[in-house]
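Visitor: Based on what follows, work out the 3D shape:
(2 chains)
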Amino acid sequence: QQQVKQSPQSLIVQKGGIPIINCAYENTAFDYFPWYQQFPGKGPALLIAIRPDVSEKKEGRFTISFNKSAKQFSLHIMDSQPGDSATYFCAASTKETSGSRLTFGEGTQLTVNP
Amino acid sequence: AAGVIQSPRHLIKEKRETATLKCYPIPRHDTVYWYQQGPGQDPQFLISFYEKMQSDKGSIPDRFSAQQFSDYHSELNMSSLELGDSALYFCASSRLAGVSDTQYFGPGTRLTVL
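Guide: Numbers count the residues shown, from 1 in each chain, chains lettered A, B, ... in the order given. Next comes the predicted model:
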């Protein structure tokens, strides 16, 4: 059972478009929600992360919107570029003093056409 | 900035052989996590170590074992390899687990079992 559900599975936009990727979770103990970008054959790279006490966080062209009551969060990529073409994973973890595993969504393969 | 180092980057083994994957965390990071990622899949948590003690255990087969050494590097030992073990194996590290949840991933080891 996937604890973090991600959609869509794939997404194609034109350069300059604003792709939006959505995630939903059930475990209310989750309190940290990062987004990772992964290129083929490479390790996931942290893009941006949010905690449930804020509803929105923006870093550069990347924005996370968080809806605690709906247990949903989303990633918006402003002014998307062909170089943004990659797989994006949302993730979630709980607060533990000795480190918390990341539970990932299924991933979204984003293609940005020139 | 220093990143997580994993070795080897590629490994080819026969069925029933053993493999050892190594991970060198970012300096001053005290927590190491191991993840397995199959083709087209999201990373799945295997095991983690905080201050050289196992801190969490996920879906790691009994054929696998891991440890964290006094210099904080970690090794994942895999025995009786099966075809289904072919995957990318990522190590991630974090510092002051519970204070900073950010996990930084290494470039991965691609294991191919023939």
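Visitor: Output the set of residues of chain B in proximity to chain A.
Guide: B:4, B:31, B:33, B:35, B:41-45, B:48, B:50-51, B:53, B:55-56, B:58, B:88, B:90, B:92, B:94, B:97-98, B:101-108, B:110 (C-beta under 8 Å from any C-beta of the partner chain). Glycine gets a C-beta too; all of them are placed from N, C-alpha and C.
Visitor: Swap in 7 Å and give it another go.
Guide: B:31, B:33, B:42-43, B:45, B:48, B:50, B:55-56, B:58, B:90, B:94, B:97-98, B:101-108 (C-beta under 7 Å from any C-beta of the partner chain).
Visitor: Helix or strand for B:Pro27, just tell me which one.
Guide: Using DSSP states H and E, B:Pro27 falls within no helix or strand.
Visitor: pretty sure it is touching B:Ala2, no?
Guide: Yes. Contact between B:Pro27 and B:Ala2 holds when scored by C-beta atoms under 7 Å: they sit 5.7 Å apart.
Visitor: State the distance from A:Ala70 to A:Thr94.
Guide: 19 Å (C-beta to C-beta, to the nearest Å).
Visitor: more neighbours, these two?
Guide: Using other C-beta atoms under 10 Å in any protein chain shown, the more surrounded residue of A:Ala70 and A:Thr94 is A:Thr94, with 14 against 8.
Visitor: residues in contact with the more buried one?
Guide: A:29-31, A:100 (C-beta atoms under 7 Å, 6 or more residues apart in numbering or on different chains).
Visitor: Of the residues you listed - the most surrounded one?
Guide: Going by other C-beta under 10 Å, A:Ser100 tops the contacts of A:Thr94 with 26 neighbours.
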